[in-house]
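here is a sequence with its predicted model. Questions after.
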Amino acid sequence: MHKAIRLKVKLTLWIEGEAEPAEDFAALTTEAVHRLIALGSAQLPGLMVKVEKIEEDQSDEEDAEG
């Protein structure tokens with residue numbers, strides 16, 4: 001039986017790395033996150049994982065729980 005579910009996940013990632021000053025670090029890290037999710041989901045071939053949106057968190061607030 002085919003099933004589907006939409007899960008809402010709030011996750012904050014802190015990513016650090018080296019990049020040239022003119023390089024778009026948000027685009028670079030967004031692509032890296034997409035690739036990490038694709039690699040992880042490849043381990044579960046019976047499930048399809050789709051990421052609808054990844055965006056930079058530009059708030060100055062730190063997560064109160066973390």
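In hand now; what should we look at?

any idea how far the helix or strand where H34 lies is from the middle of the chain?
Here H34, judged by DSSP states H and E, is contained in helix 25-41. Relative to its parent chain, helix 25-41 has a centroid offset of 6 Å by Cα atoms, centre = their mean, to the nearest Å.

which helices and strands does that helix pack with?
Judged by 3 or more Cβ pairs under 8 Å, 6 or more residues apart in numbering; DSSP states H and E, helix 25-41 is in contact with no other helix or strand. Every C-beta, even on glycine, is put in place using the N, C-alpha and C of the backbone.

what sits up against that helix?
L13, I15, G17, A19, L47, M48, V49, V51, I54, E56 (Cβ atoms under 8 Å, 6 or more residues apart in numbering).

buried residues in that helix?
Within helix 25-41, the residues that count as buried by 16 or more other Cβ atoms under 10 Å are T29, T30.

against S41, how distant is R35?
Distance check for R35 against S41: by Cβ to Cβ, to the nearest Å, it reads 11 Å.

let me fix that: E23
For E23 relative to S41 (Cβ to Cβ), the value is 27 Å.

secondary structure element for E16?
With DSSP H and E as the test, E16 turns up in no helix or strand.

tell me the pLDDT at it?
E16 is assigned 93 on the pLDDT scale.

with K50 instead?
84.

low-scoring stretches of this structure, by residue?
In the predicted model of the chain, residues 61-66 satisfy pLDDT under 70.

spatially central residue in it, please.
V33 (4.3 Å; Cα atoms, centre = their mean).
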